[in-house]
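> Pasting the sequence and the predicted coordinates here, then a few questions.
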Amino acid sequence: MRRITFATGEYYHLYNRGVDKRKVFMSPADYRRFLAYLVALNSTETRPIRYAVSTKDLQGLALERGAPLVAIGAFCLMPNHFHLYVTPVQEDGVSKFMQRLQTAYTMYFNERHERSGALFQGAFKAQHANTDAYARYLFSYIHLNPAKLKDAQWQEGGVRDWRSLRYFVETYRYSSLIEYRSREHLITEPRAFPGYLARRRSVEDHVAEWLRLGRFTRLSLGKV
């Protein structure tokens with residue numbers, strides 16, 4: 001994959017998965033720690049990589065952190081990988097943030113689970129969301145990732161229980177869809193992104209449309 005130059009005012013899909021496709025989130029505590037790092041380490045202030053964070057008070061972390069490096073438009077954490085949709089708000093913000101994020105989480109994970117070595121498959125992967133259609137699609141692609149935890153074949157054979165699957169996706173605890181539906185944006189900053197999903201109903205309808213289709217069209221999105 002060719003190297004991307006991250007420019008302010010542009011939008012990017014960032015993702016990575018565990019080395020050898022291993023799980024990188026083994027417990028609710030692991031998910032919470034990563035979410036806390038999404039806030040605490042997204043800062044122009046220099047902090048030790050072992051910076052202690054509260055996994056319960058994301059609002060407090062946001063108030064403490066100072067100016068962010070990137071604005072996060074969407075996120076989803078899956079057992080063996082993660083997705084982020086971001087735009088840089090500081091020069092070299094994406095690279096600085098991702099280096100901090102992956103290093104800090106790897107140090108936490110290895111200590112907690114008594115292991116050593118790399119946790120992720122090298123440096124993070126990135127794709128430029130350079131069209132409006134791609135950006136809209138990306139929003140749904142990220143938020144519908146949890147659907148395969150409920151119905152692994154939903155894209156191949158259609159959705160067997162649409163209502164149950166939609167409820168599962170909308171209430172998945174480690175996706176930013178909850179923030180969009182509740183309008184409580186602790187990690188995400190929707191004002192930094194196009195406003196076509198500004199209303200809760202627009203968000204729900206946008207995601208539900210893809211679930212009803214039961215598949216994604218073949219756009220050039222990174223698969224993990």
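It's in. Residues are numbered from 1 along each chain as shown.
> State which helix of the chain is the longest.
Using DSSP state H to define each element, the chain has its longest helix at helix 93-112.
> Which strands and helices lie in contact with that helix?
strand 12-17, helix 28-40, strand 70-78, strand 81-88 (3 or more CB pairs under 8 Å, 6 or more residues apart in numbering; DSSP states H and E). Quick note: C-beta positions are derived from backbone N, CA and C, even for glycine.
> What is the helix or strand bottoming out on mean pLDDT in the chain packed up against?
Here the helix or strand of the chain ranked lowest by mean pLDDT, DSSP states H and E is helix 154-157, holding a mean of 68. Contacts defined by 3+ CB pairs under 8 Å, 6+ apart place helix 154-157 against helix 147-150.
> average model confidence for the helix it packs on?
The average pLDDT for helix 147-150 rounds to 88.
> same thing with stretch 126-136?
On average, stretch 126-136 scores 89.
> okay, and for the chain, where does confidence drop off?
Residue ranges of the chain with pLDDT under 70: 1-2, 47-56, 157-159, 196-201, 212-224.
> 80 - rerun?
Applying pLDDT under 80 to the chain flags the ranges 1-3, 46-65, 151-162, 195-224.
> out of the helices and strands packed on helix 93-112, which comes closest to residue 184?
Among the helices and strands packed on helix 93-112, helix 28-40 comes nearest to residue 184, with 13.2 Å by CB to CB.
> Could I get the contacting residues of the closest residue to residue 68 other than its chain neighbours?
Residue nearest to residue 68 in three dimensions, not counting chain neighbours: residue 42, with 4.7 Å by CB to CB, 6 or more residues apart in numbering. Contact analysis of residue 42 by CB atoms under 8 Å, 6 or more residues apart in numbering lists 65, 68-70, 72, 97.
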